[in-house]
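1. What follows is a predicted protein model with its sequence.
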Amino acid sequence: MQDDSPLASRTFRNYFEHFDRELEIWALSAPGGNLIDDSIGDPSGIKLASLTTDNYLRFLNTTNQTITFRGEAYEVQPVIDAVLAILDKAHTLDL
């Protein structure tokens, strides 16, 4: 795997893998006290006055294909493309 591969970074993975710790960190800072977790959709459909992207934990935005976790957005398509490239290479191996 190349260093610039979207699969090289563990930040995104760690947010999900260590979700209990991340939830505790969020609860201590709790911007507005509202939480959107484990959701999929168009964020414009969420109408809470005190809500910011810092309140989104594990939110898949279907309008721009990103996953947001506490204000950080990650593009999904580059990860999909990297996995498909690995699958393509695996299919070309002569075992």
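-> That came in fine, so what should we check first?
2. Just the element for the nearest residue to S5 once chain neighbours are set aside, please.
-> Among residues not flanking S5 along the chain, A82 sits closest, at 5.5 Å (CB to CB, 6 or more residues apart in numbering). C-betas here are computed from N, CA, C, even on glycine. Element membership for A82 (DSSP states H and E) is helix 77-92.
3. Check what pLDDT the residue nearest the centre of the chain gets.
-> In the chain, the residue lying closest to the centroid (CA atoms, centre = their mean) is I67, at 3.4 Å. We have a pLDDT of 92 for I67.
4. is it true that it lies in a strand?
-> Yes - note on I67: a strand contains this position according to DSSP: H, G, I helix; E, B strand; the rest coil.
5. show me the contacts for it.
-> Taking CB atoms under 8 Å, 6 or more residues apart in numbering, we find I67 in contact with F12, R58, F59, L60, N61, A73, Y74, V76.
6. try 10 Å this time
-> For I67, the contact set (CB atoms under 10 Å, 6 or more residues apart in numbering) comprises 12, 15-16, 40, 56, 58-61, 73-76, 79.
7. Quick check: L23 touching D37?
-> Yes - at 8.2 Å, L23 and D37 qualify as touching, with contact defined as CB atoms under 10 Å.
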